[in-house]
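Enquirer: Let's see this in three dimensions:
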Amino acid sequence: MRYDAAQKSLEISVRAYTDDLEKGLSLANDNRRFVLRNDDQNNSYLEQYLRKHFALAGPDRRLRAFQYIGKEEEADATWLYLEVPFSGNPEGWVLRHDLLMETFDDQVNMVNVKWGEERKTYLFKKSQSVQAL
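Expert: Here you go, the predicted model:
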């Protein structure tokens, strides 16, 4: 996650192993088979899956909607791109990131946040899928 002060938005890049993401999508969609490629027709499924497993809330605990920008295939991984309108500072904001945790019991998601010169890393796991930024 990176804050873009000029655009007043959080730019979010999520990297997941493609085969793991395909399995997660399959389980979320009645075991339908998914093959993720740059030119596939799966963006609506990915966006729906992300909305269920990735959420950002402000200090008032209201969820902030993100815009799904798209995806990009890279060797054995898939990058998913999101953007959230954002102004102010991150104090009091909360992130839920339980992507693939329903698929893999030992899933750990790492989030790197860059806010100006400040950088922080957060680890999300099944027992700790929501954290204050």
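Enquirer: tell me the contacts of the closest residue in space to residue 87 that isn't next to it in sequence?
Expert: Spatial nearest neighbour of residue 87, chain neighbours left out: residue 8 (4.8 Å); criterion: Cβ to Cβ, 6 or more residues apart in numbering. Glycine gets a C-beta too; all of them are placed from N, C-alpha and C. By Cβ atoms under 8 Å, 6 or more residues apart in numbering, the residues touching residue 8 are 85-87.
Enquirer: Switch the residues you listed over to a markdown table; also include neighbour count, distance to residue 15 and secondary structure.
Expert: Formatted as a markdown table, the contacts of residue 8 follow (neighbours: other Cβ atoms under 10 Å; distance: Cβ to Cβ, whole Å; DSSP: H, G, I helix; E, B strand; the rest coil):
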| residue | neighbour count | distance to residue 15 | secondary structure |
| --- | --- | --- | --- |
| 85 | 12 | 23 | strand |
| 86 | 20 | 21 | coil |
| 87 | 8 | 26 | coil |
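Enquirer: Among the residues you listed, which one lies nearest to residue 68?
Expert: For the contacts of residue 8, the closest approach to residue 68 (Cβ to Cβ) belongs to residue 85, at 13.7 Å.
Enquirer: okay, now the closest residue to that closest one other than its chain neighbours: neighbour count?
Expert: Distance criterion Cβ to Cβ, 6+ apart; nearest residue to residue 85, sequence neighbours excluded, is residue 9 at 5.5 Å. Counted with other Cβ atoms under 10 Å, the neighbours of residue 9 add up to 18.
Enquirer: Specify the local secondary structure of residue 27.
Expert: Put simply, residue 27 is helix when judged by DSSP: H, G, I helix; E, B strand; the rest coil.
Enquirer: Tell me the confidence at it?
Expert: As predicted, residue 27 sits at a pLDDT of 96.
Enquirer: what does residue 86 give?
Expert: We have a pLDDT of 84 for residue 86.
Enquirer: Please name the spatially closest residue to it (chain neighbours excluded).
Expert: Distances taken as Cβ to Cβ, 6+ apart place residue 10 nearest to residue 86, at 4.7 Å, with adjacent residues excluded.
Enquirer: Over to residue 89?
Expert: Excluding its sequence neighbours, the residue lying closest to residue 89 (Cβ to Cβ, 6+ apart) is residue 115, at 7.7 Å.
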